[in-house]
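Student: What would the 3D arrangement of this be:
(chains A and B)
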Amino acid sequence: MNSATLRRHLSQMVTLGLSLSLLSACNGNQTQTDPDASGPGTVTILGVVVGEQQDRLAAALAPFEAETGITVIYEGTDAFATLLPVRVESGDAPDIAMFPQPGLMADFADAGQLVPVDAALDPEDLAAAYSQDWLDLATIDDELYGVWLRASVKSLVWYNPQEFEAAGYSIPTTWDQMIALSDQIVADGNTPWCLGMESGDATGWVGTDWVEDIMLRTAGPEVYDQWITNDIPFDSEPVRNAFERFGEIVLNPDYISGGTVGAISTPFGDSIRGLFTDPPRCYLHRQANFIASFLPETVVPGETVAVFPLPGINPEFGTPVLVAGDVFAMFNDTPEARALMAYLATPEPHEIWASLGGFISPHEAVGLEVYPDQVTRQQAEILADAEIVRFDASDMMPGVVGTGTFWSGIVDYVGGQDLDRVLANIEDSWPN
Amino acid sequence: MQDTANLIRLLTAIAAIVLGSGGIIALFYGANWLVNGLPYGLRSRVLPWVYMTPALAVLAAFLILPTIRTLIISFMDRRSEAFVGLDNYIFAVTNSAMLIAFRNNLLWLVLVTSISVSLGLVIAVLVDRVPYEPLAKALIFLPMAISFVGASVIWRFVYAYQPPGFEQIGLLNAIVVALGFEPVGWLVNRTVNNFALIVIMIWLQTGFAMVLLSSAVKGIPQDVIEAARIDGANEFQIFWRITIPMINSTIVVVSTTIIVLVLKVFDIVFVMTGGNLDTDVIASRMIKEMFNFRNFGRGSAIAVILLLAVIPVMVANIRRFQQQEVNR
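Tutor: Next up is the predicted model:
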């Protein structure tokens, strides 16, 4: 082939590639219900909920639409954190955004782009509807900006009651008992824990959840809050302690099915399946309530799967609960948006979504009886009874740490890197 | 409901393609018609520009302007609000994660380019002599048709790890275990994970190198080779002294194309390891800084560094083309 034809071929390939990428760029990664109807009588929401859960959200909002005649246009995207800033900066903000992290919401509140919620709601109603912890999480500079809808409870240990009974194990109520149980399982010739941290470009969050849970249990909520704001450095003693305690479990090859290599390479959603194999690969699995959607179909909640709260360590702090959740905040102060915010703070949408499953409500007035099965009810109970509730720290930290060096750092730690280096690396990356 | 939505999407896509290409054709016809109205002497000078203007406009809008903007942003802070001088570049060349990314990129460049070009060349020469050549070439070329993400998904299965004692679902570990060894965490073990990723790119690009080199090999005049044979050259001498010098320019073109591709690679790393455990490359670092950490300054600075790395390759390539034009 001479160079002229070669060049022609190359340029054809380039043109084809360009046009393909342009086409795919127009296609985006979002599901849109109705893009261009946002006139009067409508309210637009941008959120992270897609798929099956999106239908449930729609069901939860249906009574609002029926009562008020306002049309809710919900747009779900898995690129929320990228899309929302672009939309806001280009003057195309949704009326209401459903933030998966309060940290991102705080950025917009600081920039003065959000409308405080007291425009729409009586603060006293809100104080009655949510506990102070949840209200604090949605408060920026003494102004309340958000209404919580969905909560995730993270401090849960999943187990298989039938296997527990067969082996004669009992549920641990303290950390030491849990470690003793792990040792007993090892002594019986089995593996206590399933732990999978693989999650694509978010690999590591399972490990950071562990460390956060341990931080809350050893250092307490105040130190935990200082940790989030970097008022104590990332390589300080309490953080090192939490990493080391996590290391006692994850770095012990007898404790983890597949050892450290298994922990890093097992997808987080596959990990829990080890509880249900015959013979079981493991007996314990610490993971948030949303892992329920990854359970094999043969599993019966209450019979072959159940949860207990991750035990406390320092008795002073009891059994704290680590949570995550979705908070709604208003960009455009329209009457429709106000009405929707007010509706979201009533028990109705919470109860509807809860009855459909896969959902735990942070709302005080939502009774336990609305949850469809025993296991979900128990999770809601753990959340309701918790005296100390703290939000996932990595979601609250600056993105470069919370979704960057903390995630990759925990993978490095499990992968065998020296703890001093891991912690120093994370501390260095903290933005000034 | 979902079906109609999909149908509408499909129709929109078709309409976009028809209107887009039709519009371009109409544009060129219209411009041509206008130019034809000009006096003859002027016409021949104006016509090339008329045909080039749309391409130049698109280039300016989608390549030159963004490049200038990226350059400016790379000297500004994370939210592009204040100038910070060279801070972002200092970060890019001192940060430990960035240094690892540079090291990995160098590894990728050297290994992918050398192995896929030499493998492609060897296959091209050998396949020239087998009876079922098209089949062999098609098989080797096949991976080229798979996207990087698709290939990465396939290779995730090849590298899949299960703890010892359980059934291995990954091809490579199944072989390793069948030979009596412990399974290996190919993507976790720091000594092998970068090579495990590089192999994927080689698998993808060898076919590309082979196809271009094969047609170059076929372009060598038979009489030259026959003359060499008559002079007593053996096959190795023909390969080193005739084949390689005669297809040298194609080798360079293939190499530079692969070098540019490797500099851009990010999908494989993103899908396979997410850049964890020291597998990041420059481009994946750029995506992380830009979109995950939303630090526009650092992301842009890394993009500029990547651009600077590509420029010498492009300049060399263009020089070579010009040289050949002169020689012709």
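Student: show me the contacts for A:Y413.
Tutor: A:G207, A:F243, A:G247, A:L419, A:V422 (C-beta atoms under 8 Å, 6 or more residues apart in numbering or on different chains). In short, each C-beta sits where N, CA and C put it, glycine included.
Student: Thought A:F246 was touching the first one, still the case?
Tutor: Yes. Using C-beta atoms under 8 Å, A:G207 is in contact with A:F246, at 7.1 Å.
Student: interface residues of the stretch 51-200 of chain A facing chain B?
Tutor: Within reach of chain B by C-beta under 8 Å from any C-beta of the partner chain, the stretch 51-200 of chain A has these residues: A:A81, A:T82, A:P85, A:G200.
Student: Could you find the lowest-pLDDT member of these?
Tutor: Among those, A:T82 carries the weakest pLDDT, at 73.
Student: now it, what's its secondary structure?
Tutor: Under DSSP: H, G, I helix; E, B strand; the rest coil, A:T82 falls in the helix class.
Student: residues near it, how many?
Tutor: 15 (other C-beta atoms under 10 Å in any protein chain shown).
Student: ok, now the one 5 residues further on?
Tutor: A count of nearby residues for A:R87, using other C-beta under 10 Å, gives 17.
Student: contacting residues for it?
Tutor: By C-beta under 8 Å, 6+ apart, the contact set of A:R87 is A:L46, A:A93, A:P94.
Student: Next: A:P296.
Tutor: For A:P296, the contacting residues are A:R273, A:F276, by C-beta under 8 Å, 6+ apart.
Student: Surely it is in a helix?
Tutor: No. In this structure, A:P296 is coil, not part of a helix, as judged by three-state DSSP.
Student: next structured bit after the helix or strand where B:M98 lies?
Tutor: Assigned by DSSP states H and E, B:M98 belongs to helix B:96-127. Where DSSP H and E defines the elements, the next helix or strand beyond helix B:96-127 is helix B:133-141.
Student: hmm, who's touching that next one?
Tutor: Outside helix B:133-141, the residues touching it (C-beta under 8 Å, 6+ apart) are B:I123, B:V127, B:V130, B:T206, B:G207, B:F208, B:M210, B:V211, B:S214.
Student: so which helix or strand takes in the residue nearest the centre of chain B?
Tutor: What sits nearest the mean C-alpha location of chain B, by C-alpha atoms, centre = their mean, is B:L261, with 2.1 Å. Secondary structure assignment for B:L261, by DSSP H and E: helix B:248-264.
Student: between that helix and helix B:96-127, how big is the angle?
Tutor: Per axes from the mean of the first three to the mean of the last three C-alpha atoms, to 10 degrees, the angle that helix B:248-264 makes with helix B:96-127 is 150 degrees.
Student: Just the mean pLDDT for the host helix or strand of B:I24, thanks.
Tutor: Per DSSP H and E: B:I24 is located in helix B:2-36. What helix B:2-36 shows for mean pLDDT is 86.
Student: now, which of the contacts of A:R87 lie within strands?
Tutor: The members of the contacts of A:R87 that map onto strands under DSSP state E are A:L46.
Student: Now restrict the contacts of A:R87 to buried residues only.
Tutor: A:L46, A:A93, A:P94 (16 or more other C-beta atoms under 10 Å in any protein chain shown).
Student: can you tell me which residues contact the closest residue to the last one other than its chain neighbours?
Tutor: I take that to be A:P94. Closest residue to A:P94 apart from its sequence neighbours, by C-beta to C-beta, 6 or more residues apart in numbering or on different chains: A:L46 at 4.0 Å. Counting by C-beta under 8 Å, 6+ apart, A:L46 touches A:E75, A:T77, A:F80, A:L83, A:L84, A:R87, A:P94, A:I96, A:A97, A:M98.
Student: Looking at these, which are in helices?
Tutor: Using DSSP state H, the subset of the contacts of A:L46 located in helices is A:F80, A:L83, A:L84, A:R87.
Student: Pull the number of nearby residues for A:D231.
Tutor: Neighbours of A:D231 using other C-beta under 10 Å come to 10.
Student: Check the gap between it and A:A202 for me.
Tutor: 26 Å (C-beta to C-beta, to the nearest Å).
Student: where's B:V184 relative to chain A, distance?
Tutor: Here the criterion is C-beta to the nearest C-beta, to the nearest Å. By it, B:V184 lies 8 Å from chain A.
Student: before we move on, back to that, ranking by neighbours, what's the top pick from the ones in helices among the contacts of A:L46?
Tutor: For the ones in helices among the contacts of A:L46, neighbours tallied by other C-beta under 10 Å; top is A:L84, 24 neighbours.
Student: which stretch of helix or strand covers A:A263?
Tutor: Assigned by DSSP H and E, A:A263 belongs to helix A:259-265.
Student: Now do that helix: everything it contacts.
Tutor: Applying C-beta under 8 Å, 6+ apart, the set of residues contacting helix A:259-265 from outside is A:195-198, A:203, A:207, A:250-251, A:253, A:256, A:258, A:411, A:414-416, B:160-163, B:185, B:187-189, B:276-277.
Student: ok, of those, which come out buried?
Tutor: Buried, going by 16+ other C-beta under 10 Å: A:195-198, A:203, A:207, A:250-251, A:256, A:258, A:411, A:414-415, B:160-163, B:185, B:187-189, B:276-277, out of the contacts of helix A:259-265.
Student: Pull up the residues of the stretch 51-200 of chain B that are close to chain A.
Tutor: B:78, B:96-97, B:160-163, B:166, B:185, B:187-190.
Student: got the residue ranges for the helices in the stretch 151-300 of chain A?
Tutor: Applying DSSP state H, counting those that start in this stretch to the stretch 151-300 of chain A gives helices spanning A:161-167, A:175-187, A:205-218, A:220-228, A:237-250, A:259-265, A:268-271.
Student: does B:L71 really touch B:A303, like I thought?
Tutor: No. Using C-beta under 8 Å, B:L71 and B:A303 do not qualify as a contacting pair, with a distance of 9.1 Å.
Student: Isn't B:L171 up against B:F157?
Tutor: Yes. Applying C-beta under 8 Å as the test, B:L171 and B:F157 come out as touching, 7.0 Å apart.
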